[in-house]
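Novice: what follows is a predicted structure for the sequence shown.
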Amino acid sequence: MKTFRISLALLIALISVAGCWDRDASSHKDAEIRPATASAPRTDEWLGKWTGPEGTFLELSGGHGKYEVTVQNLDGSRKFEGRYTDGGIEFDRDGTREVIRATDGAGTSMKWLTDKKNCLTVRSGEGYCRD
């Protein structure tokens, strides 16, 4: 009987301790290491206006992985919802997934921008740069 009581007492103590144990302790530990606000993706550095030839431009606003993409081409201005993806900003235009990527002028495949160093390219032949 004495052994049963000791075993019962140990079992109760073990259950009490287990109830206080934080199963998500690793996530709390990570939260302590990480800053309170996650750092913004590098694409946030692209916010603002980027110019192309003949009055075209690309303008990005928003941040932290969610963007408003404004594209001004010869037909007029259009706005799209953009989101961070693997080092770029993706958006859907006319049923096509487009991805804005950082390039130089040559990477735009546009002769007017060839000598530029700081550019964004949506697709070959559609690029915008900052001087």
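Specialist: Structure's in. What do you need?
Novice: from here on, just use CA atoms for contacts and neighbour counts.
Specialist: Fine.
Novice: now residue 106: phi and psi?
Specialist: Dihedral pair for residue 106: phi -60, psi -30, per degrees, to the nearest 10.
Novice: if we ignore the residues flanking it in sequence, what's nearest it?
Specialist: Distances taken as CA to CA, 6 or more residues apart in numbering place residue 114 nearest to residue 106, at 4.5 Å, with adjacent residues excluded.
Novice: can you list the domains in this structure?
Specialist: Listed domain ranges for the chain are 2-33, 42-130 (source: automatic domain parsing).
Novice: picking up where we left off before, contacting residues around the residue nearest to residue 106?
Specialist: Neighbour list for residue 114: 104-108 [criterion: CA atoms under 8 Å, 6 or more residues apart in numbering].
Novice: cool, and residue 112?
Specialist: Taking CA under 8 Å, 6+ apart, one finds residue 53 in contact with residue 112.
Novice: switch to 10 Å and redo it
Specialist: Residue 112 makes contact with 52-54, 105-106, 127 under the criterion CA atoms under 10 Å, 6 or more residues apart in numbering.
Novice: same check, this time on residue 68
Specialist: With contact taken as CA under 10 Å, 6+ apart, residue 68 is in contact with 47, 59-62, 79-83, 91.
Novice: got TSV for those residues, with pLDDT, distance to residue 120 and neighbour count too?
Specialist: Shown next, in TSV, are the contacts of residue 68 (pLDDT from 0 to 100; distance: CA to CA, whole Å; neighbours: other CA atoms under 10 Å):
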residue	pLDDT	distance to residue 120	neighbour count
47	98	11	16
59	98	11	18
60	98	11	23
61	98	14	15
62	98	17	15
79	98	17	15
80	98	16	15
81	98	17	15
82	98	14	24
83	98	15	20
91	98	14	21
